[in-house]
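Novice: the following block contains a protein sequence and its predicted model.
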Amino acid sequence: PPHVHIRESEREQMSSTAQKIEIDKVNAANAAAAAATDTTQQQQQQQHVVDLGPSEIDPAEITLEAPIGDGAFGVVYRGRCRSKDVAVKVLFKQFDRRTLEAFRKEVAILRDIRHPNLTLFMGASTTTPGKLMICTELLRTDLETLLLDSAQPLSLVTRLRMAKDAALGLCWLHSANPAI
């Protein structure tokens, strides 16, 4: 074979080009590895989403105490759940499967609602047939008692502030997507 004579400057240029190609290969491999790591981290983050509390509460975690009110759908009790004072509404009605699923969807929506003018929903127990329970924060009294108690009359300014706060809470619910 004929001898190819390469000048020193060409040899350096070829060596430099080869090095650049090698560097580009390493950079491409590093970028691919970084992209794979980012994808893996995103998948792990999606799998490990922090849930601040399950909406489904085991009925064994709920202790009912004295009743504090009742309504068309059930009785509200003072209670305890996970070492916290709560209000527990025990629904009267026995639900069929379809109604129970709709109720569970509503619980899932309530779990994500946060606003300072809305009572804090803490969870529900939907696993015991015939005994659906909803846990919320325990308030000092109910609105009716507060408004009608003649021993502690509320000023007009306080009543107007309460009406505004209630309207803000309702506005929040109705502005949600989907509207509640």
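Specialist: Arrived safely, thanks for sending.

Novice: now the helices for the chain?
Specialist: Remark: helices assigned in the chain by DSSP state H are 8-47, 97-111, 143-148, 156-175.

Novice: what does stretch 121-130 contact?
Specialist: 53-59, 62, 81, 84, 86, 94, 100, 103-104, 107, 110-111, 113, 131-137 (Cβ atoms under 8 Å, 6 or more residues apart in numbering). Where C-beta positions appear, they are placed from N, C-alpha and C, glycine not excepted.

Novice: residue 168 reaches residue 117, doesn't it?
Specialist: Yes. The criterion here is Cβ atoms under 8 Å, and residue 168 meets it with residue 117 at 4.9 Å.

Novice: the contacts of stretch 121-130, buried ones only, as a PyMOL selection?
Specialist: Selection command for PyMOL covering only the buried members of these, criterion 16 or more other Cβ atoms under 10 Å:
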select buried, resi 55+57+62+81+86+103+107+110+111+132+133+134+135+136
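
Novice: in strands only, show me the contacts of stretch 121-130.
Specialist: 62, 81, 84, 86, 133, 134, 135, 136, 137 (DSSP state E).

Novice: dump those to TSV, plus pLDDT and distance to residue 28.
Specialist: What follows is the ones in strands among the contacts of stretch 121-130, written out as TSV (pLDDT from 0 to 100; distance: Cβ to Cβ, whole Å):
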residue	pLDDT	distance to residue 28
62	90	58
81	91	55
84	90	55
86	92	57
133	79	58
134	80	56
135	77	55
136	83	56
137	83	55
